[in-house]
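**Student:** From the sequence below, what's the structure:
(chains A and B)
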2 protein chains.
Amino acid sequence: MSGEWRAVTIAGVGLIGGSFALALRQAGFKGKIIGVSSPATVAAALDRGVIDQALPLAEAAAQSDVIYLAQPIERILETLSAIDGMVRPGTLITDAGSTKRAIVERARETIHRGRFVGGHPMAGKEVRGVEAAEADLFRTRPYVLTAPDPELERWIEKIGARIVKLEAAEHDRLVALVSHLPQLLSTALASLIAGHPEAARVAGPAAADLTRLARSPYDIWRDIFSTNATEIDGVLAGAIAQLQTLRENLLSQPEMQATFARAAEAASQLRQT
Amino acid sequence: MSGEWRAVTIAGVGLIGGSFALALRQAGFKGKIIGVSSPATVAAALDRGVIDQALPLAEAAAQSDVIYLAQPIERILETLSAIDGMVRPGTLITDAGSTKRAIVERARETIHRGRFVGGHPMAGKEVRGVEAAEADLFRTRPYVLTAPDPELERWIEKIGARIVKLEAAEHDRLVALVSHLPQLLSTALASLIAGHPEAARVAGPAAADLTRLARSPYDIWRDIFSTNATEIDGVLAGAIAQLQTLRENLLSQPEMQATFARAAEAASQLRQT
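**Tutor:** Alright, predicted model coming up:
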């Protein structure tokens, strides 16, 4: 079954789940949007008109064509272990978790009546919660899918995101480099600066840029670290080796010039994609 | 002599020198502004009305109350070795170099007729040259001074900058942490990403933030590295140790939670200063 969607359940109506609901609606989705979340969150989501109805998971799942899991990763894993018996045959189950290998593996073991497609919208904001949800959050952003689904792909294009098809393991390898390593570099820098509060007196835009991510709360990172530890260990080792090389070459002009040129080129390329 | 300025020479009329000239003018400076730079630069600076007159250094120095050195660091060092015989007794010589210890040491050896005050405006843009100069570049930014001078401090306040008085060695120690290390972390990350061009497909705002600095050209960094090598080596060693600790603690929740909290607090503090 990959037909038209009539009812969509959003499990976890926070920034991402709420934004997906608003984006669907803005893109012309006419069906029902059911929210599954904590009482406070569904109250806020109903209040903002983000969802049409709030239900417990089993009731929501029984009447939905699509289940969109926008919970923390460990909750997604738990939901995947519980949901297959609740859905109608052929129901599409997809997720928005920041790592994909552990989630796709769990779904392979547990989802049989439903069909699972892993997803990762590369979007976010510093503010969390359904209050911060917005219909344009995914616009122009990459949206990774680990398997094909024509109707899901149609809606992702309609909400303005850019589909990127990747194997789960390849996704986790790449985000370790472009998302998890930046977070840890930022945390490491801010942590060093914490030991020198007088440095704030001379901090300019460079320190501001590099420490913005360091304000992210640990609770969203805990599950990312636990489900992508091997890849993250690898990129941290790579970063340490690279910094050691910079240390050794600090006064070697041809080597530093070549590294700066290579880095500048990659930084510019990132901005053109 | 610390009286009213009648004529100011800007040596190196690029982004910083040109902005200082424009800022002085906007703040009500009525005297003459003389530019010392390459023929192409002084032509552009005269054309934009950034300077009133272009002269060779010796002629400019002989008639100025202030010499503002906004050249690359190695050029500032050379100018300091040559200029003392050109100035009138008591002439204020100040600079805008990004490191201070080597410059202040050179001035201590060479400046006797003039008086030297080291300076470092913590401001910049990604675009360089007098074409990018702007009167508001220093507004709200820290402006480090290594020695007191009432008239210089009055003008720095008038152009909207925030004076921070620091010994040269302390300045170099702090900027190694909040300016030079961020640059090298950004260069290291972009350099790692350069080896994985396919990662650009999933790069989001985190990678964009952390690689912005990596586009800086090496030629402005070469002199910073050569004049602050010891401090930079120290902060690189500190960053490597911190990343090694993150690697070891990646799955240790209490340790990671504490590090994230400490980093988030420091990142927030930086933004309040």
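
**Student:** Touching stretch A:149-158 from outside, list them.
**Tutor:** Residues external to stretch A:149-158 that are found in contact with it (C-beta atoms under 8 Å, 6 or more residues apart in numbering or on different chains): A:2-5, A:24, A:27-29, A:66, A:92, A:94, A:115, A:117, A:119, A:138, A:143, A:145, A:163. The way it works is simple: take the backbone N, C-alpha and C, and place the C-beta from them, glycine included.

**Student:** which ones are touching the residue lying closest to residue A:146 once chain neighbours are set aside?
**Tutor:** Nearest residue to residue A:146 in three dimensions, chain neighbours excluded: residue A:118, at 3.6 Å (C-beta to C-beta, 6 or more residues apart in numbering or on different chains). Contacts were defined as C-beta under 8 Å, 6+ apart; by that measure residue A:118 touches A:94-95, A:97, A:100, A:103-104, A:107, A:144-147, A:168, A:171.

**Student:** Tell me the one among the residues you listed nearest to residue A:77.
**Tutor:** Comparing these against residue A:77 with C-beta to C-beta places residue A:103 closest, at 6.6 Å.

**Student:** Neighbours of the closest one, how many?
**Tutor:** Burial of residue A:103, expressed as a neighbour count using other C-beta atoms under 10 Å in any protein chain shown, amounts to 26.

**Student:** on that earlier part again, give me the buried entries from the contacts of stretch A:149-158.
**Tutor:** Using 16 or more other C-beta atoms under 10 Å in any protein chain shown as the burial test, the contacts of stretch A:149-158 include A:5, A:24, A:29, A:66, A:92, A:94, A:115, A:117, A:119, A:138, A:143, A:145 as buried.

**Student:** what's the closest non-adjacent residue to the fifth one?
**Tutor:** Spelled out, it's residue A:92. In space, not counting the residues next to it along the chain, residue A:92 is nearest to residue A:66; the distance is 4.7 Å by C-beta to C-beta, 6+ apart.

**Student:** Local confidence estimate at that neighbour?
**Tutor:** At residue A:66, the predicted lDDT confidence score is 98.

**Student:** Same check on the one 3 residues further on?
**Tutor:** Residue A:69 carries a pLDDT value of 98.

**Student:** so what's it closest to, chain neighbours aside?
**Tutor:** Spatial nearest neighbour of residue A:69, chain neighbours left out: residue A:95 (3.9 Å); criterion: C-beta to C-beta, 6+ apart.

**Student:** Geometrically speaking, which residue is the centre of chain A?
**Tutor:** What sits nearest the mean C-alpha location of chain A, by C-alpha atoms, centre = their mean, is residue A:98, with 3.8 Å.

**Student:** For that one, grab phi and psi.
**Tutor:** Here is the backbone geometry of residue A:98 (degrees, to the nearest 10): phi -80, psi -10.

**Student:** Buried residues in the helix or strand of chain A at the bottom of the mean pLDDT ranking, which are they?
**Tutor:** When each helix and strand of chain A is scored by mean pLDDT, DSSP states H and E, helix A:205-211 comes last, with a mean of 92. Within helix A:205-211, the residues that count as buried by 16+ other C-beta under 10 Å are A:205-207, A:209-211.

**Student:** ok, which pair from those is furthest apart?
**Tutor:** When these are compared pair by pair using C-beta to C-beta, the maximum separation belongs to A:205 and A:211, at 11.0 Å.

**Student:** Return the residues in contact with the nearest residue to residue A:137 once chain neighbours are set aside.
**Tutor:** Residue nearest to residue A:137 in three dimensions, not counting chain neighbours: residue A:19, with 3.9 Å by C-beta to C-beta, 6+ apart. In this structure, residue A:19 makes contact with A:123, A:133-135, A:137-138, judged by C-beta under 8 Å, 6+ apart.

**Student:** and residue A:19, what helix or strand is that in?
**Tutor:** Under DSSP states H and E, the secondary-structure element containing residue A:19 is helix A:15-26.

**Student:** on that earlier part again, ok, now how distant is the residue nearest to residue A:92 from residue B:64?
**Tutor:** Distance, residue A:66 to residue B:64, using C-beta to C-beta, to the nearest Å: 73 Å.

**Student:** Kindly report the same for residue A:105.
**Tutor:** In this structure, residue A:105 lies at 72 Å from residue B:64, with C-beta to C-beta as the measure.

**Student:** Looking at those two, which has the bigger crowd around it?
**Tutor:** Neighbours per residue, other C-beta under 10 Å: of residue A:105 and residue B:64, the larger number sits with residue B:64, 28 against 16.

**Student:** Is that one located within a strand, as I assumed?
**Tutor:** No - residue state for residue B:64 (DSSP: H, G, I helix; E, B strand; the rest coil) corresponds to coil; a strand is not indicated.

**Student:** wait, doesn't it sit right on residue B:31?
**Tutor:** No - under the contact definition of C-beta atoms under 8 Å, residue B:64 does not touch residue B:31, with a separation of 9.3 Å.

**Student:** Could you tell me which residues touch both of those two?
**Tutor:** Any residue near both residue B:64 and residue B:31 by C-beta under 8 Å, 6+ apart counts here, and that gives B:7-8.

**Student:** What segments of the stretch 101-250 of chain A are helices?
**Tutor:** A:101-110, A:150-158, A:168-175, A:181-194, A:205-211, A:218-227, A:229-249 (DSSP state H, counting those that start in this stretch).

**Student:** Please identify the most buried of these.
**Tutor:** Scoring the helices of the stretch 101-250 of chain A by mean neighbour count under mean count of other C-beta atoms under 10 Å in any protein chain shown gives helix A:181-194 as the most buried, with a mean of 26.

**Student:** So is it next to chain B?
**Tutor:** Yes - using C-beta under 8 Å from any C-beta of the partner chain, we find that helix A:181-194 touches chain B at A:181-194.

**Student:** shaky segments in the stretch 151-273 of chain A?
**Tutor:** In the predicted model, the stretch 151-273 of chain A carries pLDDT under 70 at residues A:273.

**Student:** for chain B, what are the nearby residues on the stretch 1-150 of chain A?
**Tutor:** Counting by C-beta under 8 Å from any C-beta, the positions of the stretch 1-150 of chain A adjacent to chain B are A:120, A:122-124, A:141-142, A:144.

**Student:** Which one of those is nearest to chain B?
**Tutor:** The shortest distance between chain B and any of the residues of the stretch 1-150 of chain A next to chain B, using C-beta to the nearest C-beta, involves residue A:122 and amounts to 4.1 Å.

**Student:** The closest one against residue A:139, yeah?
**Tutor:** No - taking C-beta under 8 Å as the definition, residue A:122 is not a contact partner of residue A:139, at 11.9 Å.

**Student:** Pick out whichever of those two has more residues nearby.
**Tutor:** Legend: neighbour count by other C-beta under 10 Å for residue A:122 and residue A:139, higher for residue A:122 (23 against 14).

**Student:** Contacts only, for residue A:263.
**Tutor:** By C-beta under 8 Å, 6+ apart, the residues touching residue A:263 are B:186-191, B:194, B:211, B:214.

**Student:** cool, residue A:202 as well?
**Tutor:** With contacts defined as C-beta under 8 Å, 6+ apart, the neighbours of residue A:202 are B:120, B:122, B:142, B:144, B:164, B:166, B:171, B:174-175, B:178-179.

**Student:** swap the cut-off to 6 Å and go again
**Tutor:** Counting by C-beta atoms under 6 Å, 6 or more residues apart in numbering or on different chains, residue A:202 touches B:122, B:142, B:174-175.

**Student:** just these that are near chain A?
**Tutor:** Cross-checking the contacts of residue A:202 against chain A (C-beta under 6 Å from any C-beta of the partner chain) gives B:122, B:142, B:174-175 as the overlapping residues.

**Student:** Could you chop chain A up by domain?
**Tutor:** Chain A is divided into the following domains under automatic domain parsing: A:7-166, A:169-272.

**Student:** got the end-to-end distance for the longest one?
**Tutor:** Separation of the first and last residues of domain A:7-166 by C-alpha to C-alpha, to the nearest Å is 27 Å.
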